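Visitor: no letters, just coordinates:
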């Protein structure tokens, strides 16, 4: 199977977690796009969606799926989104599509986070994928210096402005052995909006597209 076929398989497999009369959080990126295609087939069974990016919002609306503002709902029953990397503790790096802040907000109000990825995204240690950090523009240089002190090599993502009007620094050369600690340290830097580490609140279930089919990963109790 091609990588896109694996993404399609996991996107559609996430449908089994969507219950009737539920509010659904919808993520960003190519794998989430396949999930939107699947969700369109049961759009009349759900109450509505909250989207983590303008691109996903537009695709949902094109299908005639109700999109609500995050402030209109108290919670989401489930949030379905991809990841750039995920470890076996279901901690993730997200933000390759520059939607990390909205993704983290949507994740925060969801009762359950279903991460949908192909097998290439599953790693033992996070950090091979550059870690995105959303930054207030005036703080870009200061934040970059602070990230350098943490052992990373921050590179300004040229020409990219987030849906929130901010910029992205991608931090290369990190070996993230303690994702929760690093998430907290980076979030404490003045000028950081958020970091693309989803470690304090990771996924509840990962659906992994493999050549042999879709594998379900859960945290060991």
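Guide: Thanks, I have the structure now. Because the structure is a prediction, the values reported are computed rather than measured.
Visitor: just give me the residue closest to the centre of this protein.
Guide: residue 94 (4.6 Å; Cα atoms, centre = their mean).
Visitor: quick one: that residue from residue 204, how far?
Guide: The spacing between residue 94 and residue 204, counted by Cβ to Cβ, to the nearest Å, is 15 Å. Placement of C-beta: from N, CA and C, glycine included.
Visitor: kindly report the same for residue 86.
Guide: Counting by Cβ to Cβ, the separation of residue 86 from residue 204 is 12 Å.
Visitor: those two: which has the busier surroundings?
Guide: Per other Cβ atoms under 10 Å, whichever of residue 86 and residue 204 has more neighbours is residue 86, with 24 against 17.
Visitor: below-threshold pLDDT in the protein: ranges please.
Guide: Applying pLDDT under 70 to the chain flags residues 220-221.
Visitor: since we're on the residue nearest to the residue nearest to the centre of the chain when sequence neighbours are not counted, how many residues are nearby?
Guide: Closest residue to residue 94 in three dimensions, ignoring its sequence neighbours and counting by Cβ to Cβ, 6 or more residues apart in numbering: residue 196, at 4.9 Å. Burial measure for residue 196: 29 neighbouring residues, criterion other Cβ under 10 Å.
Visitor: for the protein, just list every one of the strands.
Guide: For the chain, strands defined by DSSP state E occupy the ranges 23-26, 48-51, 78-81, 85-86, 92-93, 113-118, 131-135, 153-156, 167-172, 192-195, 197-198, 205-210, 213-218.
Visitor: would you turn these into a markdown table with distance to residue 37?
Guide: Conversion of the strands of the chain to a markdown table gives the following (distance: least, Cβ to Cβ, whole Å):
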| stretch | distance to residue 37 |
| --- | --- |
| strand 23-26 | 11 |
| strand 48-51 | 14 |
| strand 78-81 | 12 |
| strand 85-86 | 22 |
| strand 92-93 | 22 |
| strand 113-118 | 12 |
| strand 131-135 | 26 |
| strand 153-156 | 33 |
| strand 167-172 | 27 |
| strand 192-195 | 28 |
| strand 197-198 | 24 |
| strand 205-210 | 15 |
| strand 213-218 | 16 |
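Visitor: right, and those strands - which one's nearest residue 15?
Guide: Judged by Cβ to Cβ, the one of the strands of the chain that comes nearest to residue 15 is strand 78-81, at 9.1 Å.
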